[in-house]
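Asks: Quick one, fold the following:
(one chain, ligands or ions: 2)
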Amino acid sequence: MRVTEISFSSFRNLKDATIEPSEGINIICGENAQGKTNFLEAIWLFTGGRSFRGAKDKDLVRFGEHEAFLELKEKIYDREQRLKIEIKNGKRCVIINKVPQQTASAMVGQMCAVVFSPNHLDLIKGGPNVRRKFLDTAICQLQPLYTAQFLRYNHVLSQRNMLLRQLKKSKNLIDTLDIWEDKLVDLGSELILRREDYVKNLKKISAEFYSGLSASKEILFLQYKNSTAKENSLKKEQVKKDFKEALKNSREEDLALGFTTKGPHRDELEIRINEKSARQFSSQGQQRSAVLAIKLAETEIVRQTVGEDPIILLDDVLSELDAKRQSYLLKSIPQKQVFITCCEPELTSRLAAEKVFEVSDGTFL
Ligand SMILES: Nc1ncnc2c1ncn2[C@@H]1O[C@H](COP(=O)(O)OP(=O)(O)O)[C@@H](O)[C@H]1O
Ligand SMILES: [Mg+2]
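Replies: Ligands and ions are numbered 1, 2, ... in the order given. As a prediction, this is how the structure comes out:
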């Protein structure tokens with residue numbers, strides 16, 4: 001897929017404009033705090049996901065304004081699509097080819113992108129929640145059903161947690177716990193299996209990219225850790241049985257704590273380099289390469305699943321890589337549409353960019 005045009009109005013600090021990017025490499029160059037990341041964020045929102053910076057929708061509207069509009073034209077499967085996003089009263093409305101949609105999640109799958117920014121190093125350095133979020137975001141983009149199951153799982157989880165706290169006062173509600181647990185097990189095992197499946201693919205492809213980045217000197221290893229599994233089974237019935245049992249066994253502890261201690265919301269994506277935990281033992285350079293390999297693998301999985309290349313958003317990452325890794329990265333993403341932000345105008349000549357946009361105080365020059 002390719003973005004052929006993007007317009008924004010009252011979005012962050014960007015001055016209202018319409019931009020026609022190239023279908024290859026686009027560079028967005030400018031000093032700090034001019035609006036480069038805001039521009040990538042505007043494109044990203046068309047994946048249907050939350051801001052990759054964790055911003056709330058209402059924060060995306062320009063200070064002092066009430067609503068923001070974004071419009072994007074893309075080529076996908078040789079068709080042209082028009083996507084629109086309106087952010088009003090902190091809520092998102094989406095319009096696809098002039099048809100207003102009932103829910104904002106209808107945008108999922110209309111445009112796929114992979115984003116890589118310096119704070120993605122958190123994928124290694126951060127806690128398990130960062131890695132779970134990475135998996136969930138990646139799978140949500142590809143599987144609308146996962147998005148629905150994920151949202152329902154979180155809803156049921158909060159219902160069980162609420163009930164756990166109520167049970168401290170009124171013991172007669174204990175039977176209701178079974179009902180919520182059954183739902184939690186049904187939805188949770190779906191999440192576990194879909195994540196396991198995704199990681200199986202991610203593991204293989206990211207290991208290949210990492211090997212390329214490290215000139216075959218190091219090995220990257222990923223594994224999904226299902227915290228409720230008693231044995232390594234990918235059979236649905238077994239996953240459900242183990243999860244159910246884990247919930248039963250932890251009831252007392254959960255009642256005492258007032259929240260659910262077992263389930264996919266506690267699972268982990270293990271990342272190892274040369275057999276050692278990347279979080280504990282890897283150098284900054286190794287961590288950066290691991291994230292890059294994982295992101296490149298994510299790109300490849302989108303292509304395999306959707307049959308189209310995702311749009312690649314690279315926020316301030318090139319300056320952090322040495323020349324060898326820069327060139328490996330750029331060699332790995334040929335024929336894709338890429339948006340790269342940077343502060344150094346020198347980079348633009350080296351990258352053979354088809355279009356260079358200079359951003360100053362929210363204005364595209
Ligand atoms: N909702 C908003 N309305 C107006 N300006 C905003 C809003 N959100 C962020 N900004 C401004 O955008 C600028 C940062 O833009 P950003 O894209 O992160 O810069 P960079 O070019 O360094 O990537 C800051 O000056 C910030 O104050
Ligand atoms: Mg930035």
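Asks: What's the local residue count around residue 160?
Replies: Counted with other C-beta atoms under 10 Å, residues neighbouring residue 160 total 20. For glycine as for every other residue, the C-beta is placed from the backbone atoms N, C-alpha and C.
Asks: next one: residue 77
Replies: Residues near residue 77, counting by other C-beta under 10 Å: 9.
Asks: and it, how far is that from residue 140?
Replies: Distance of residue 77 to residue 140, given as C-beta to C-beta, to the nearest Å: 21 Å.
Asks: Go ahead and flag the most central residue of this structure.
Replies: Ranked by distance to the mean C-alpha position of the chain (C-alpha atoms, centre = their mean), the top residue is residue 137 at 3.6 Å.
Asks: Return the residues in contact with the closest residue to that one other than its chain neighbours.
Replies: Leaving aside its sequence neighbours, residue 137 sits nearest to residue 49 (C-beta to C-beta, 6 or more residues apart in numbering; 5.8 Å). For residue 49, the contact set (C-beta atoms under 8 Å, 6 or more residues apart in numbering) comprises 108, 137, 140-141.
Asks: Return the closest of the residues you listed with respect to ligand 1.
Replies: residue 137 (19.9 Å; C-beta to the nearest ligand atom).
Asks: Can I take it that that closest one is in a strand?
Replies: No: going by DSSP: H, G, I helix; E, B strand; the rest coil, the assignment for residue 137 is helix, not a strand.
Asks: Show me what residue of the stretch 101-250 of the chain gets nearest to ligand 2.
Replies: As assessed by C-beta to the ion, ligand 2 sits closest to residue 117 within the stretch 101-250 of the chain, at 7.7 Å.
Asks: what's the spacing between the nearest residue to that residue once chain neighbours are set aside and ligand 2?
Replies: Leaving aside its sequence neighbours, residue 117 sits nearest to residue 315 (C-beta to C-beta, 6+ apart; 3.6 Å). Distance check for residue 315 against ligand 2: by C-beta to the ion, to the nearest Å, it reads 6 Å.
Asks: Just list the residues touching residue 315, thanks.
Replies: 36-37, 40, 115-118, 341.
Asks: By the neighbour-count criterion, which of the residues you listed qualify as buried?
Replies: Buried by 16 or more other C-beta atoms under 10 Å: 36-37, 40, 115-117, 341, out of these.
Asks: What is the neighbour count of residue 364?
Replies: By other C-beta under 10 Å, the residues close to residue 364 number 17.
Asks: pretty sure it contacts residue 42?
Replies: No: using C-beta atoms under 8 Å, residue 364 is not in contact with residue 42, being 11.6 Å away.
Asks: Now do the same for the helix or strand hosting residue 185: mean pLDDT, whole number.
Replies: For residue 185, the host element (DSSP states H and E) is helix 174-213. In this model, helix 174-213 has an average pLDDT of 95.
Asks: Quick check: the gap between the nearest residue to residue 318 once chain neighbours are set aside and residue 292.
Replies: With sequence-adjacent residues excluded and distances taken as C-beta to C-beta, 6+ apart, residue 318 is closest to residue 326, at 5.6 Å. According to C-beta to C-beta, residue 326 stands 10 Å off from residue 292.
Asks: So those two - more neighbours on which side?
Replies: residue 292 (24 against 17).
Asks: List the buried residues in the helix holding residue 185.
Replies: Across helix 174-213, burial judged by 16+ other C-beta under 10 Å covers 177, 180-181, 183-196, 198-199, 202-203, 205-207, 209-210, 212-213.
Asks: just checking: which of those also lie near ligand 2?
Replies: On the criterion C-beta under 5 Å from the ion, none of the entries of these sits beside ligand 2.
Asks: quick revisit: quick check: bridge partners of the residue nearest to residue 117?
Replies: On the basis of DSSP bridges, residue 315 takes part in beta bridges with residue 341.
Asks: Please list the residues of the chain that sit near ligand 2.
Replies: 36-37.
Asks: which outside residues touch stretch 14-26?
Replies: 2-10, 35, 38-39, 42, 62, 75, 335-340, 351-357, 361-364.
Asks: Sitting in strands, which of these do you find?
Replies: Among the contacts of stretch 14-26, the residues falling in strands (DSSP state E) are 2-9, 75, 338-340, 355-357, 363-364.
Asks: the helices in the stretch 151-300 of the chain, which residues?
Replies: With DSSP state H, counting those that start in this stretch as the criterion, the stretch 151-300 of the chain has helices at 174-213, 236-249, 251-257, 278-281, 284-306.
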